[in-house]
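**Q** Requesting a structural model of the entry that follows:
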Amino acid sequence: MRSVHARRRLAAMLIPVLGASAVSVSLAATPRDGQAAARTPSSQQFVDGIAAVVNRQVITLKQVNDEMVDAERHLKSQKIAVPERSVLQRQVLQRMIVEELQRQEADRLGIRVSDAQLQRGVESIAQRNRLTVDQLRAEVGRSGLSWDRYLEDLRKEVRFDLLRQRQVDSTINITDAEVDAFLRTQGSNLAAAAPAARPAPAPAPVRQEQAALRALGIAQILVAVPEGASSDEVGRLQRRAEELLAKLRSGADFAALAASSSDGPQALEGGVLGVRPVQGWPDLFVEATRGLKVGQVSRIIRSGQGFHILKVLTWGEQRQAAQRPAAPDVSMSPANPVPMEQGPMIVTQTHARHILVRTNQITSDEQAEQRLRQLRDRLRAGEPFEELARRHSDDATAPQGGDLGWLSPGETVPAFEQVMNTLQPGELSEPVKSPFGWHLIEVLERRNQDMGKEFQRMQARQILFQRRIEPAVDQWINELYGKAYVENRLDPESRRR
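**A** As a prediction, the model looks like this:
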């Protein structure tokens, strides 16, 4: 079981970035109240040393207590008051349960991280922080974390990110009509609205002088409402949120109250969600913080997750050109964009097609790669690409013979794009691994195209995607709960199945 704060110790030593992603996963499946949090479990419950059972996997009290030491150290380093032991224990265990559910799902789908992928992640982190790998290793050592433990945590982080890309990102569909509607209302402000989390890179050089971005930093306290909660339960949870707001208005420290009482995954970070351009936040959050000054707290707002109390951390302008990424680019996703000026933008587009073989419990990496090598031999022997793609590809493009159409820079994941860019028209790749499986790629042709209007539409899609990814991840986590047997012995009232 990995340390839940190990990667955050690294993040703390890196340079803050505008729009750092903060996926807001509610833990609505296991809500807490003040009385439940204050209870101390009887010793009889723990004679076997088991804190929770997640399907057939056990989380021991020793594992929880080890994580608590790390969590307590992290809170103190952030000058956040440490909750009482029983509360901290439950917060830590809840996070461990979520991670265990994700680990099991990755196992089920056969998602693995090779040594080569891990090394690329390390090199990317070092590069983004203007360090050599040796310097990064020294920084990790100074943080108190061993290099082997850091690599172990990083491998798991990459794996969970690949899992989310496959299970969540691919389900979000932004229609042309939605893009058109967004551009009608936000087109003039698009450059300042583009989110910095998981977007596509600028496909053409830009000048270093950039317009200042209107940025908003937010922290939250979340009182989660379980799906299907009765009206009485919703009323009780609303009263709990009102009590928390009253404490804040009486002078309680927001970060400390979040650490002890929030149901959000950022609770042990003081509830901090991050900083991003204003229009990268959900409309509900923007409206709730409108008119508030730095340090002020919002009214209670209701979403599908539950009841939120927001605090404004920063409110001002930041220049994107001056920012350097802090979060490790271990997802192999495109790099952060720089806001683009409107006008002609000539980029090189590639017309490509592919055959995809996904990995899962039945098909391993080795088997997928071998299948593609066999298909590659058949293609080189003269069999039609379109026919083999229709019969053997696991991608949605199979009926079209694997045709991906014209691709602009940043439209595919880097692992795919890097290989595609090395191919000449008519050339076929070796098997290529990406977050979605293994590919054979063939480049058909290339062209130079004015992408000014298309890039504006791409930016709009990025913003709409960023607004949807958080509730989509939240729904996915709750679905994992719904399919699992979860017994949280630290909280007898938590849901069991």
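**Q** rest of the way, CA atoms for contacts and neighbours
**A** Will do.
**Q** show me where pLDDT drops low in the stretch 1-150 of the chain?
**A** Along the stretch 1-150 of the chain, segments meeting pLDDT under 70 span 1-48.
**Q** quick one, helices of it?
**A** 6-13, 34-38, 61-77, 85-109, 115-128, 133-142, 147-167 (DSSP state H, counting those that start in this stretch).
**Q** Output those as TSV; include the columns distance to P425 and mean neighbour count.
**A** Formatted as TSV, the helices of the stretch 1-150 of the chain follow (distance: least, Cα to Cα, whole Å; neighbours: other Cα atoms under 10 Å):
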stretch	distance to P425	mean neighbour count
helix 6-13	42	17
helix 34-38	63	13
helix 61-77	52	17
helix 85-109	34	19
helix 115-128	27	17
helix 133-142	36	15
helix 147-167	29	19
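**Q** Just send those helices back as TSV, with distance to A219 too.
**A** Compiled in TSV, those are given as follows (distance: least, Cα to Cα, whole Å):
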stretch	distance to A219
helix 6-13	17
helix 34-38	21
helix 61-77	15
helix 85-109	17
helix 115-128	26
helix 133-142	27
helix 147-167	23
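**Q** May I have stretch 74-93 as CSV, with CA atoms only?
**A** Taking C-alpha atoms only, stretch 74-93 is exported to CSV below (Å, rounded to 0.1, in the frame of the first residue of the first chain):
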residue,chain,number,x,y,z
HIS,A,74,2.4,16.5,6.2
LEU,A,75,-0.3,18.5,8.0
LYS,A,76,2.3,19.9,10.4
SER,A,77,4.5,20.9,7.5
GLN,A,78,1.6,22.8,6.0
LYS,A,79,0.8,24.4,9.4
ILE,A,80,-2.6,22.8,9.5
ALA,A,81,-3.9,21.6,12.9
VAL,A,82,-3.9,17.8,13.1
PRO,A,83,-7.3,16.4,13.8
GLU,A,84,-7.9,14.1,16.8
ARG,A,85,-6.5,10.6,16.2
SER,A,86,-9.9,8.9,15.5
VAL,A,87,-10.8,11.5,12.9
LEU,A,88,-7.4,11.4,11.2
GLN,A,89,-7.5,7.6,11.2
ARG,A,90,-10.9,7.6,9.4
GLN,A,91,-9.8,10.2,6.9
VAL,A,92,-6.7,8.2,6.0
LEU,A,93,-8.5,4.9,5.8
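**Q** quick thing: my sequence starts at 533, can you match it?
**A** Noted, 533 is the first residue going forward, which turns the last one into stretch 606-625.
**Q** and it, how far out from the chain's middle?
**A** 23 Å (Cα atoms, centre = their mean, to the nearest Å).
**Q** now swap in stretch 604-616 and tell me
**A** In terms of Cα atoms, centre = their mean, the centre of stretch 604-616 is set 24 Å apart from its chain centre.
**Q** rewinding a little: of all the helices of the stretch 533-682 of the chain, which lies closest to G581?
**A** helix 593-609 (5.4 Å; Cα to Cα).
**Q** Now do the closest one against helix 617-641, angle only.
**A** 110 degrees (axes from the mean of the first three to the mean of the last three Cα atoms, to 10 degrees).
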